[in-house]
Structure formats: structure tokens, C-alpha cells
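**Q** I'd like to go over a predicted model; first the sequence, then the structure.
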Amino acid sequence: MAHLVEVEYDKIFSAKTMTSLKGKSGESLRQMLGNKSLMQTMMRSQALLGEIIEAEDGYRDELEMVAAQMVIDAYPIIDYANIKIDAKIVNMSDIKLPKPQPQNDPTLPDFGKDDPEKLKAKRRIINGITQGASIRGAFGFMLFKEYLDEINPELVAKYNEILKLAFGIYDDDNAIAMLLSMIAQNRNIPGGESEMEYNEEDEQFVIKAKAICFPMLVHEIVKGLYEIVGTEGFGADKEKNQAIVGAVDKLSNEPNDLRFGKFFYDAISKIYNDSDIEDARVRELFFAEVYKLDENDFFSFVENAVNDELTPAQLSWATGTMKDIEKDLKKDDTGLEDLDE
Amino acid sequence: MTKQQLLEMVRRVIKQELNEALTSEEKEELEKLEYEFTSDVRHDSAISPSLYKRYKELKAKEAKTDEAAAPAPSKPTEKPGPAVAPGKPGEKQKPRRPLGNPSVKPAPKATMSEAEMLAKIVKRFKSAKKINENAEQKYNYVKTNKYVDGKAVNVVGFYPDPKGTFTKEKANNLSNVSKFDKWEIKFYKNKQEAELAIKSKK
């Protein structure tokens, strides 16, 4: 791995891994956009979005509930971890750009033995996974196909198309360059946003998601969930944590997080999918365990997973960890302490 | 029915006054269920709500039976903690695998508005295309000379023509390179318009 002086992905991963990631991104571009040019993609997206917003008019309250229920069904970890969802479909004008974070110097707090460069790189990868998980999760609207068909039989096909177009452009170099330019000029307007909050009084995490249409709302809720999972990558020192957040959680990092993050997510999800464990809650809890790895082990694990080259020791750790999680979940479900004895 | 709802129902069942002692058939049934739940015979996802309900009923009965048989307080049986629907705070037993670290507040993450974003990108593309088109547009010209206050004025009317050799930039730059004292350069929509204008200047 390259020396970590920046948090850009090409400084975090080896040249070989970056080549692999760019190859996957190229393949994704073909799958998502087909033969459409960037211009055609944008024109079509714009028209589709207008049609979707019009079709959803009058059904927003129901769709908000469906979006939350859909994510609860698809991600049973939400129920287990007692996470609250606050989801709204809103007008574009109701979504405000996140205020730029103060450019905190991550070296300001005393990091002690921790290397801030490595902490930043770890956070960047976790942000990528969060974005990747939310792209993959957004397509879960198919679970409610019958219900959506009742609102408008064309909606499901339109949702499918808009998501492919909207996320497909993040695999296009030209689009990324333009997005970054627009972000730099503060000219972009968000179509959705999500954040997580911890309610100290209730000792409960809350996902707050807003978006301009149903599929984007699902995307934002899943993003909020993985944001909560992502906090497992931090330690207990609030000052250090916020310094890292200030240095890495930037709008300008999001286009490339969306571009490459889905492949990090796919790689780690594959480990869960290939196991014989069927309890879906294990998936997010396994991500949390990966995030808790110390930085060097974390980078090595993610990089090897992306290249499908996990070492026997890494595979063994992953299998054992998932089994342990599964046992704990069974104990919680049944109330039986001696399940594994 | 979700697992939490199921647990809530089980809790209610346990709370019910069950005075009957376990029959030998029920004991056997309970033993069988316990074996299945605690070994890998039955995967968690394969435990049906009705089966689980039955198991808890039998456990509750067993606890009652034990209480009746032994007046001294016995070791409490293992019971699931209070369950709530997701989103209800404060009542739920802490899970073995709590998720999330409250020691950090990540920045909100936005997804850019496709409509607005695309509108701006499209506009940007179009204007870039227009600029390129303008840069590449070729012009031809008609011209005449006239003298105003003793000074030579070269009057040129340019019009779009793919066979022309002038770009707009090159045409506008003429005054810098020519020997004429003064230039009057104008652009017209077409050749006819340019010719009419130049004719009127003669």
C-alpha cells in the first residue's frame, strides 16, 4: 500500500487495485447506461424525474411509509438495533446543501499513537462503502412492486431506469469532472440527503432522510443506516473523531465515493453471501466488525476483498466472526444463553 | 409478523395465569423443541411464529409447574427481554451486538438533485457546443471601399458560408493586420443581406 499522505483512493490503494476498480467502473457504466451518451443520459434522466415526481404527487405520505417499511424488511438489523427512521419526500427547495464542514486540521487533537493519515484513509473507504451500500439498496423497491403498480403501473420501470441513469453517470469520467467542478463552484442542489443522529435521552440512533422522490428516499434511508454502521470505524475519542469527519466527509469526495464504493460494498457483501449464514442481520454486523479492525488490517482486508484475494487467515477470521455474530443473535432472539454450549 | 412482535406476543403469553401442569406429552414436545432450537437442526429463519409461540407457552407452563412444586424461590428461568417495535425508545433490552458508535457525528451526506444537476450540465454542454460551433463557423464576405474625410475605409460584410475561409475571430482581427486606415466590419445572416448592405454603402 502507498504511503498515506492523501485521502484520494489512488493514494490509498495499489495501482493494481485501482486498475481493477476502474475496470469494474467501466463495466458498470456499460451495464447502467448501455450505449447512451452522457448527453442522452442526462436528458432522459431529467424527463424521467419529472414524470416520477408527477406520478407520486398525492401519494407522498404513503410512499414515505412504504420506503421506511421496505428498508426495515430488507434490513432486519434496523429492528434488532432499534433504529428509528424519519423519512420524508420533499420538494427540491426543501433540501438544503450540507454546510461545508470547517476545514479542521486533523493533526490538531493529540492523536497519540494513532496515525491521522491512516484514520482519514479508513474513513474515506467507509464513506465509499456507505455510498455503495445505498446504491445497491435503492433497487430494493422491487419488494413492493405490487403496491407500486397500483399507484401507477409504469412506476417500477421508471424507478429502475432513473436509478440506473442517476448512478450510472458516476462511472463516467466526464460526468465526475463536471460534478466536481459544480461542487467547487457551490452550484449543485441536492436531490436528497441523509444523516444519522444519536438521541442520548432515548439511547437510540435515528436516520433522518429526505429526498425528492421514492427511489431516492430509499437510497437515502439505506445511506443513513450504513452511516450508523460506519461509526463503528471510530474510536471513543470525540475530538479525534470529529477532526477526521471534518477532514474527510466532504461533498467533493462523494462522486468518487459513489463511483468506487459500490465495489468495496460488493466485495465485503460477497463474503457474507458466500457463507452459509442466512440471517441478514449478520451482514451489517459483519461490516461493523470489519470497520473495527485496526487500520492496517482494515486496508489489507478491503483491498484483498476487492481483488478477491483474501488470505486463508482473513477468510478464517471472516467466517469465525460471522458465526459468532449469528450465535449472539440467536441468543438474543430465543433468550437462551447456552445455545452454543 | 416481525420477530419483535412475536416476542411481544410471547411475553403476553408468559404473563398469563397458566395453572395447568405440563403433561407428559407436553414435556416430550418441549424437550423436542428445545433440542431443535438449541442445535443446528432448525435454522433461526426456519422457526415459524406458531412453533415459537408453542415453545414459549410450554416454557411458561413449565415455569409455573416448577414454582408450584418448590415453595422456595427457584432460579429464574431465562426469558426474553421486553420487545418494542422499531423506533420505540427506552424499553428494549440491550442487544448482544449493539450497532453504532455515539462518539461521532458524521457530516450529512447529500445526493445531488438529478433534475437541477442535469439541467445545469445540459446547459453547460449546450453552451460549450454553441461556443465550439461558433468557433468553427466559416464566413465568406462581400466588400467595398469608401473614403470618409480623406481616409480609406474598407467596408466588409461577412455572412455564414461553409466554403468561406474566415472565422469570426479572424474577421474581427482584420483591422490589426491590414494597411487600410479604417475598417467597417459587420456580420449578416446570409449572403443576400450582406450584399444589400454593402451595396448601400457604395
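**A** Ah, there it is.

**Q** Please count neighbours and contacts with C-alpha atoms only from this point.
**A** Will do.

**Q** Look up which helix or strand residue A:262 falls in, please.
**A** Element membership for residue A:262, per DSSP states H and E: helix A:254-274.

**Q** Find the residue at the geometric middle of chain A.
**A** residue A:130 (2.2 Å; Cα atoms, centre = their mean).

**Q** Strands of chain B, start to end?
**A** B:109-112, B:139-148, B:151-160, B:182-187 (DSSP state E).

**Q** Just list the residues touching residue A:205, thanks.
**A** A:82, A:83, A:84, A:196, A:197, A:198, A:199, A:228, B:100 (Cα atoms under 8 Å, 6 or more residues apart in numbering or on different chains).

**Q** go again using 10 Å as the cut-off
**A** With contact set as Cα atoms under 10 Å, 6 or more residues apart in numbering or on different chains, residue A:205 has these partners: A:78, A:81-85, A:196-199, A:224-225, A:228, B:87, B:89, B:99-102.

**Q** hmm, which of these are the buried ones?
**A** Buried members of those, counted by 16 or more other Cα atoms under 10 Å in any protein chain shown: A:78, A:81-85, A:196-198, A:224-225, A:228, B:87, B:89, B:99-102.

**Q** Flag the shaky bits of chain B, pLDDT-wise.
**A** B:1-22, B:35-49, B:52, B:63-92, B:111-135, B:176-181, B:202 (pLDDT under 70).

**Q** hey, where'd the helices end up in it?
**A** B:3-15, B:24-38, B:49-69, B:114-136, B:168-172, B:174-177, B:191-201 (DSSP state H).

**Q** How about the stretch 51-200 of chain A?
**A** Applying DSSP state H, counting those that start in this stretch to the stretch 51-200 of chain A gives helices spanning A:60-74, A:77-80, A:116-138, A:145-151, A:155-168, A:173-184.

**Q** what does the stretch 201-341 of chain A give?
**A** Assigned by DSSP H, counting those that start in this stretch, the stretch 201-341 of chain A shows helices spanning A:214-230, A:238-248, A:254-274, A:281-292, A:295-306, A:312-334.

**Q** Let me see the mean pLDDT of the first one.
**A** Helix A:214-230 shows an average pLDDT of 95 in the prediction.

**Q** what's the answer for the fifth one, then?
**A** In this model, helix A:295-306 has a mean pLDDT of 96.

**Q** Neighbours of residue B:148, how many?
**A** 9 (other Cα atoms under 10 Å in any protein chain shown).

**Q** so it bridges to which residues?
**A** Taking DSSP bridges as the rule, residue B:148 bridges to residue B:151.

**Q** Double-check it against residue B:201; I have them as touching.
**A** No. Counting by Cα atoms under 10 Å, residue B:148 does not reach residue B:201; the two are 11.5 Å apart.

**Q** shared neighbours, the two?
**A** Common neighbours of residue B:148 and residue B:201 (Cα under 10 Å, 6+ apart) do not exist.

**Q** quick check, distance from the least confident helix or strand in chain A by mean pLDDT to the centre of its chain.
**A** Ranking every helix and strand in chain A by mean pLDDT, DSSP states H and E puts helix A:173-184 at the bottom, with a mean of 74. Here the centre of helix A:173-184 is set off from its chain's centre by 20 Å, with Cα atoms, centre = their mean, to the nearest Å.

**Q** for the closest residue to residue A:306 other than its chain neighbours, what are its contacts?
**A** Excluding the flanking residues, the one nearest residue A:306 by Cα to Cα, 6 or more residues apart in numbering or on different chains is residue A:267, at 5.2 Å. Neighbouring residues of residue A:267 by Cα under 10 Å, 6+ apart: A:129, A:261, A:273, A:302, A:303, A:304, A:305, A:306, A:307, A:308.
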